[in-house]
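**Q** any chance you can model this:
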Amino acid sequence: MHNIFSKEEVYNKLKQLFSEVEFLLDEPMKKHTTFRIGGPADIYVEPSISQMVPLLRYLNENQIPYIVIGNGSNLLVSDEGIEGVVISLGKKASSIEVDKEDSCIYAEAGAMLSAVSSKAAGAGLTGLEFASGIPGSVGGAVYMNAGAYGGEIKDVLEYAEILDNSGQVKEVPVDELDLSYRHSALMANPGFVLGAKLKLAPGNVDEIKATIEDIKQKRIEKQPLNYPSAGSTFKRPEGYFAGKLIDDAGLRGYTVGGAQVSEKHCGFVINKSEATAADVLQLMKDVDSKVYEKFGVHLSPEVRIIGRNVN
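**A** Numbers count the residues shown, from 1 in each chain. Purely as a prediction, here's the structure:
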């Protein structure tokens, strides 16, 4: 760590101060990403929302580096791992409350979108069907305005509960979050999603479930779900589809080490066989340069790349 503490000192201090929270030292991040790639986090923790606020205040006050992640479905973690504390909002921060009368759902940041979508369907609330197959959490979905099958989080978000850098918790309405394609104001202004209120509409349970089933079948047919990946690897360039550009550049099945452009869907890079982050980064670089050479279009990563020495 780039400050006066060693990771062991920080680990021991955190265990002493937050005795009810489990901290792990040198935890392999490949256990916590859908890519199944990534070196060790100096310190790893999965707090509840109530534990998160004092923990972040302590880390900020003591200038201890940290990063907050969701369920790791849109992450590529460097082979050298991550400096400081990785705070993962997962199962302990995943409660979902349905208000049928008001057609609303409040979900904590660690709740999986698929679980929220399923709860909405069971309550006869429509509007979240598009999210049923997105393998991410609510916090990550707000952070990057996740979307699929014609819907985006901004379409249903009323407000997000945000913990800002000063340790204050506030409700930020959707129109102040500057949500656009795979973008939110949170990317530039540090703050962390603790939860979100989603405004839905009453609908027919059978129709909602049929739509979700239809989306599920489309995903099974089109996406390489049998291999670890981080979903769509590149953003959609304006006027194009990343997968089609990659395919048209002759890169279907292109391989670097254990990483491969999926033969089933060229928009996905998969971990075919014990891929490293270096394999994936090299493959992404090669794909971008070949697509640019052929079509004059650059591809930007949709996957969030974090950790030591990734630039």
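**Q** per-domain residue ranges of the chain.
**A** 7-91, 94-207, 224-306 (automatic domain parsing).
**Q** between those, which gets nearest to K216?
**A** K216 lies closest to domain 94-207 among those, at 6.0 Å (C-beta to C-beta). All C-beta atoms are positioned from the backbone trio N, CA, C, and that covers glycine.
**Q** run the chain-centre distance for the closest one.
**A** In this view, domain 94-207 has its centroid 13 Å away from the chain centroid, taken as C-alpha atoms, centre = their mean, to the nearest Å.
**Q** and the domains of the chain as CSV, adding mean pLDDT?
**A** Output for these, formatted as CSV (pLDDT from 0 to 100):
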stretch, mean pLDDT
domain 7-91, 95
domain 94-207, 93
domain 224-306, 97
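**Q** reformat these as JSON lines; add mean neighbour count.
**A** Shown next, in JSON lines, are those (neighbours: other C-beta atoms under 10 Å):
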{"stretch": "domain 7-91", "mean neighbour count": "19"}
{"stretch": "domain 94-207", "mean neighbour count": "19"}
{"stretch": "domain 224-306", "mean neighbour count": "18"}
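**Q** mind checking which of the ones you listed is nearest Q217?
**A** With C-beta to C-beta as the criterion, Q217 lies closest to domain 94-207 of the domains of the chain, at 9.8 Å.
**Q** please, where are all the strands along the stretch 1-150 of the chain?
**A** Assigned by DSSP state E, counting those that start in this stretch, the strands in the stretch 1-150 of the chain fall at 23-28, 40-45, 66-69, 75-77, 82-88, 96-99, 104-108, 125-126, 147-148.
**Q** can you pull the contacts of R252?
**A** Shown in contact with R252 (C-beta atoms under 8 Å, 6 or more residues apart in numbering): I246, V261, E263, C266.
**Q** kindly recompute the last result at 6 Å.
**A** Counting by C-beta atoms under 6 Å, 6 or more residues apart in numbering, R252 makes contact with E263, C266.
**Q** what of the one 4 residues further on?
**A** Residues in contact with V256, defined by C-beta under 6 Å, 6+ apart, are D279, Q282, L283.
**Q** and the gap between the nearest residue to it once chain neighbours are set aside and V68?
**A** Closest residue to V256 apart from its sequence neighbours, by C-beta to C-beta, 6 or more residues apart in numbering: L283 at 4.1 Å. Distance of L283 to V68, computed by C-beta to C-beta, to the nearest Å: 27 Å.
**Q** got it, and E9?
**A** For E9, the distance to V68 - C-beta to C-beta - is 22 Å.
**Q** next, give phi and psi for H298.
**A** Backbone torsions for H298, taken as degrees, to the nearest 10, come to phi -90, psi 150.
**Q** so who does it touch?
**A** Applying C-beta under 6 Å, 6+ apart, the residues near H298 are Y292.
**Q** ok, it to Y240 distance?
**A** If you go by C-beta to C-beta, the gap between H298 and Y240 works out to 11 Å.
**Q** what do you get for E61?
**A** Distance from E61 to Y240, by C-beta to C-beta: 46 Å.
**Q** got it, and E129?
**A** Note on E129: its distance to Y240, by C-beta to C-beta, is 26 Å.
**Q** thinking again about what came up before, minimum distance to Y254: which of the strands of the stretch 1-150 of the chain has it?
**A** Nearest of these (C-beta to C-beta): strand 75-77, 17.1 Å.
**Q** packing partners of the closest one?
**A** Applying 3 or more C-beta pairs under 6 Å, 6 or more residues apart in numbering; DSSP states H and E, one finds that strand 75-77 contacts strand 304-306.
**Q** ok, residues contacting the strand it packs on?
**A** N74, L75, L76, V77.
**Q** and that strand, which strands flank it?
**A** Sheet pairing for strand 304-306, assigned by DSSP bridges, gives strand 75-77 (parallel).
**Q** what separates the partner strand from the chain centre, distance-wise?
**A** How far strand 75-77 lies from its chain's middle: 10 Å, per C-alpha atoms, centre = their mean.
**Q** likewise for stretch 294-311?
**A** Distance of stretch 294-311 from the chain centroid (C-alpha atoms, centre = their mean) equals 16 Å.
**Q** for the remainder of this discussion, apply numbering that starts at 137.
**A** That works, and once the first residue is 137, the last one we named lands at stretch 430-447.
**Q** can I get that stretch in PDB, CA atoms only?
**A** Provided in PDB are the C-alpha atoms of stretch 430-447 (Å, rounded to 0.1, in the frame of the first residue of the first chain):
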ATOM      1  CA  LYS A 430     -10.500  -2.500 -41.600                       C
ATOM      2  CA  PHE A 431     -13.400  -0.100 -40.800                       C
ATOM      3  CA  GLY A 432     -11.800   3.000 -39.300                       C
ATOM      4  CA  VAL A 433     -13.800   2.500 -36.000                       C
ATOM      5  CA  HIS A 434     -12.300   2.200 -32.600                       C
ATOM      6  CA  LEU A 435     -13.800  -0.100 -30.000                       C
ATOM      7  CA  SER A 436     -14.000   1.000 -26.300                       C
ATOM      8  CA  PRO A 437     -14.200  -1.500 -23.500                       C
ATOM      9  CA  GLU A 438     -17.600  -2.000 -21.900                       C
ATOM     10  CA  VAL A 439     -15.900  -4.200 -19.300                       C
ATOM     11  CA  ARG A 440     -14.400  -2.300 -16.400                       C
ATOM     12  CA  ILE A 441     -10.700  -2.900 -16.100                       C
ATOM     13  CA  ILE A 442      -9.200  -2.600 -12.600                       C
ATOM     14  CA  GLY A 443      -6.200  -3.500 -10.500                       C
ATOM     15  CA  ARG A 444      -2.400  -3.000 -10.500                       C
ATOM     16  CA  ASN A 445      -0.600  -2.100 -13.800                       C
ATOM     17  CA  VAL A 446      -3.600  -2.200 -16.100                       C
ATOM     18  CA  ASN A 447      -2.800   1.000 -18.000                       C
END
